[in-house]
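Participant: mind looking at a prediction? Sequence and model below.
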Amino acid sequence: MALKMIDSKLLDESEKIMKMLSNPVRFQMLNLLEQKKMSVSELTNVLDLEQSAVSHQLALLREYQLVSATREGKSNYYQLDDPHILDVINETLEHADHVLRGKKHGE
């Protein structure tokens, strides 16, 4: 059986997405936005960050099509844009839980 390599363009793009997820603030934002639509001010309050920092992180997440925004009145509300990313987040959290508890998969 011949081994199949990942296409280099796909591998490069995957690396960029994994780098996006490696930031704890962005990871937490995706977790929150999976639960409900939120405005920048709501995220600022929940995350206890400056508004400019939240806006910057949201812009990066939008660039990678991980979140989208809808205008409601004077505010933009952000939500998770790609449900595929939930699989990555949830599996990562499950694995982190195993590691923290000192358990192997399936225990």
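Facilitator: Structure's in. What do you need?
Participant: and the closest residue to Asn23 other than its chain neighbours, which of the three is it?
Facilitator: Of all residues not flanking Asn23 in the chain, Gln57 sits nearest, at 7.4 Å (Cβ to Cβ, 6 or more residues apart in numbering). For every residue, glycine as well, the C-beta is placed using N, CA and C. Using DSSP: H, G, I helix; E, B strand; the rest coil, the three-state assignment for Gln57 comes out as helix.
Participant: quick one: neighbours of Gln57, just the number.
Facilitator: Here the count is done by other Cβ atoms under 10 Å, and Gln57 has 20 residues near it.
Participant: now Asp48
Facilitator: A total of 6 residues lie near Asp48 under the criterion other Cβ under 10 Å.
Participant: now it: how far from Ala2?
Facilitator: Distance of Asp48 to Ala2, computed by Cβ to Cβ, to the nearest Å: 52 Å.
Participant: just checking, what packs against the lengthiest helix in the chain?
Facilitator: With DSSP state H applied, the helix covering the greatest number of residues in the chain is identified as helix 84-101. Using 3 or more Cβ pairs under 8 Å, 6 or more residues apart in numbering; DSSP states H and E as the contact criterion, the elements in contact with helix 84-101 are helix 8-21, helix 24-35.
Participant: now do it, average pLDDT.
Facilitator: The average of the pLDDT scores along helix 84-101 is 89.
Participant: buried stuff in it?
Facilitator: Of all the residues in helix 84-101, those buried under the rule 16 or more other Cβ atoms under 10 Å are Ile85.
Participant: make residue 1 into 188 and carry on from there
Facilitator: Sure, I'll start counting at 188 from here, so that last one is helix 271-288.
Participant: what residues does that helix touch?
Facilitator: 208, 214, 217-218, 221, 253, 267, 291-292, 294 (Cβ atoms under 8 Å, 6 or more residues apart in numbering).
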